[in-house]
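Undergrad: I need the structure of the sequence given here:
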Amino acid sequence: MLRIIPLFSSTDFRVGCFKVANNLIELGDLTGEVKWNNTNEAVKKCAKLTKNEGFKLFALGKGGVCLSGQDMKDKYLDSGTENAQCHNGIGIEDSMFVYSLGKHCHVLFFSLLKPDDE
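TA: From the prediction side, this is the model:
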């Protein structure tokens, strides 16, 4: 039996770690501004850039590059999570950590887990 669990609720805007998707727009390179012990400022700055462009989802990838674009949900779901590596909410190398701008994004994201051993 497969268990399905939501990756975020209406109050949790962190979606998860994925491989970098193709055809995303680079909104800004924040790699020089990332403080790895507290990445909140980089996330906030990327969120502001995303909101200014009118998108609802964004990602921080490649060590601090702010990414977004149309149909982002389909793109990152297609890219998958296999071998994705993130640290403190930012993707490393060819990975990205995806965020939602708020409750208005009522898309349910699910993770299919391996069958229970029970």
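
Undergrad: How are the strands of this protein distributed by residue range?
TA: Remark: strands assigned in the chain by DSSP state E are 4-6, 14-19, 25-29, 57-61, 65-68, 86-87, 90-91, 95-100, 110-112.

Undergrad: Give me the buried stretch members for the third one, please.
TA: Within strand 25-29, the residues that count as buried by 16 or more other C-beta atoms under 10 Å are 27-28. From N, CA and C alone the C-beta is placed, and that goes for glycine too.

Undergrad: Pairing partners for that strand, with directions?
TA: Its sheet considered, strand 25-29 pairs with strand 65-68 (antiparallel) by DSSP bridges.

Undergrad: before we move on, back to that, for the strands of the chain, which one ends up most surrounded?
TA: Ranked by mean neighbour count, the strands of the chain are led by strand 57-61 with a mean of 28 (mean count of other C-beta atoms under 10 Å).

Undergrad: In this structure T81 contacts V20, no?
TA: No: in terms of C-beta atoms under 8 Å, T81 does not count as a neighbour of V20; the distance is 11.8 Å.

Undergrad: Of the two, which one has the most company?
TA: Set T81 next to V20 and count neighbours by other C-beta atoms under 10 Å: V20 wins out with 19 against 14.

Undergrad: how close does the more buried one get to G102?
TA: 23 Å (C-beta to C-beta, to the nearest Å).

Undergrad: Where is the longest helix in the chain?
TA: Ranked by residue count, the top helix of the chain under DSSP state H comes out as helix 40-53.

Undergrad: Identify all contacting residues around it.
TA: Contact partners of helix 40-53, identified using C-beta atoms under 8 Å, 6 or more residues apart in numbering, comprise 25, 27-28, 30, 33-35, 56-58, 60, 64, 66, 68, 89-90, 99, 101.

Undergrad: Can you mark which positions in that helix are buried?
TA: Under 16+ other C-beta under 10 Å, the buried positions of helix 40-53 are 42-43, 45-47, 49-50.

Undergrad: what's the residue positioned nearest the centre of the chain in contact with, if anything?
TA: Nearest residue to the geometric centre of the chain (C-alpha atoms, centre = their mean): V98, 0.5 Å. Contacts for V98 were tallied using C-beta under 8 Å, 6+ apart; they are 15-18, 57-59, 72, 76.
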